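*Asks:* Just to be clear, the model below is a prediction. Sequence and coordinates:
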Amino acid sequence: MLRKFLSVIFALFMFVPFAHAAEIVNVEYVHKLLLDRWGINLPYNPALENPQVAANMKYLLTVVDIATAYLNGKKTTDYGNNEYATLAAADTIATNTAFDDLVRGQPCNL
């Protein structure tokens, strides 16, 4: 009886909209989103063998710093070296939020 009750409770959590986790992003996703949102075609690091490798928060925030420097003509942020620049994997929510809220400057008119 307890097993059935717990099964029903856990099944209900599947329908809660905020219970689903975001997907882990790779380096290619980060660069494509940067191009789509800000028009910046940032080349991959030449030491990177495969752009399909998962991106971590340090990589994501470093890309934000580079994008902001590109848009402003000089370095104005240092997110890649702060407490959130961890080796934890970046996900779609963190990536979208970073490009929406952290990149500072005017989009390029290419």
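*Replies:* Great, that's in hand. A quick note: this is a predicted structure, and the numbers were derived from the prediction, not measured.
*Asks:* Run through the residues that contact the most centrally placed residue in the chain.
*Replies:* Nearest to the mean C-alpha position of the chain, counting by C-alpha atoms, centre = their mean, stands residue 95 at 2.0 Å. Neighbour list for residue 95: 25, 29-30, 33, 55, 60 [criterion: C-beta atoms under 8 Å, 6 or more residues apart in numbering]. From N, CA and C alone the C-beta is placed, and that goes for glycine too.
*Asks:* Flag the shaky bits of this structure, pLDDT-wise.
*Replies:* Scanning the chain for pLDDT under 70 picks out 1-21, 106-110.
*Asks:* What ranges does it have for its helices?
*Replies:* Under the criterion DSSP state H, the chain carries helices at the ranges 2-13, 27-38, 57-72, 92-97.
*Asks:* returning to what we had before: which one (most neighbours) among the contacts of residue 95?
*Replies:* The most crowded member of these, judged by other C-beta atoms under 10 Å, is residue 60 (28 neighbours).
*Asks:* For residue 29, see how far away it is.
*Replies:* Noted for residue 60: a distance of 10 Å to residue 29, by C-beta to C-beta, to the nearest Å.
*Asks:* thinking again about what came up before, comparing the helices of the chain, which comes out most buried?
*Replies:* Of the helices of the chain, the one with the most neighbours on average (mean count of other C-beta atoms under 10 Å) is helix 57-72, at a mean of 20.
*Asks:* Contacts made by it with the rest, please.
*Replies:* By C-beta under 8 Å, 6+ apart, the residues outside helix 57-72 that reach it are 25, 27, 30-31, 34, 38, 40, 42, 75-80, 82, 84-90, 94-95, 98-99, 102-108.
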